[in-house]
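Provide a 3D model corresponding to the input given below.
(one chain, ligands or ions: 1)
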Amino acid sequence: MSKTLFEKICDREIPAEIVYEDELCVAFKDIHPQAPVHIQLVPRKAITMLSNAESSDQALLGHLLLTAPKIAAAQGYPDAFRLAINNGAAVGQSVFHLHVHILAGRPFKWPPG
Ligand code: 5GP
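Residues are numbered from 1 along each chain as shown. You can find the predicted model right below:
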């Protein structure tokens, strides 16, 4: 199977401004930022979307949630950030490799649009 866009970024085949990486995940700045801080946190494993994750991915998903606050803190926002996961084209997913949007640095409305 061909690599996803985000796999290519993880493997440094496509350039991106990587701000964090470890053995399980990579985080890089979004190419079209929607906030002063807008980072994509992606697992190295190419899970298409959250609803396709399996029980064997439990530790990986937990790792993403525990890592996101550390990345937000490193960007200067330890306690004021929003995480978003779009699951499916109907709600705005455009890259079919699971990713957590980390957004910070401006006010955010609720409910989201
Ligand atoms: P989605 O709409 O799937 O939830 O989010 C995909 C995100 O990936 C968007 O915020 C989009 O700007 C970002 N994105 C798409 N292509 C690239 C790329 O080539 N490089 C980077 N850094 N971000 C990308």
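
what pLDDT, on average, does stretch 87-105 get?
Averaging pLDDT along stretch 87-105 gives 98.

by contact count, what packs against the longest strand along the chain?
Identified as the longest strand of the chain according to DSSP state E is strand 37-43. Secondary-structure packing of strand 37-43 (3 or more Cβ pairs under 8 Å, 6 or more residues apart in numbering; DSSP states H and E): helix 5-10, strand 25-29, helix 58-74, strand 100-104. Any C-beta I mention is one placed from the backbone N, CA and C, and that applies to glycine too.

would a markdown table of those with distance to the ligand and mean neighbour count be doable?
Formatted as a markdown table, those follow (distance: least, Cβ to the nearest ligand atom, whole Å; neighbours: other Cβ atoms under 10 Å):
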| stretch | distance to the ligand | mean neighbour count |
| --- | --- | --- |
| helix 5-10 | 6 | 20 |
| strand 25-29 | 5 | 21 |
| helix 58-74 | 14 | 15 |
| strand 100-104 | 6 | 22 |
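
distance to I85 added to those, as TSV?
Shown next, in TSV, are those (distance: least, Cβ to Cβ, whole Å):
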stretch	distance to I85
helix 5-10	13
strand 25-29	14
helix 58-74	9
strand 100-104	6
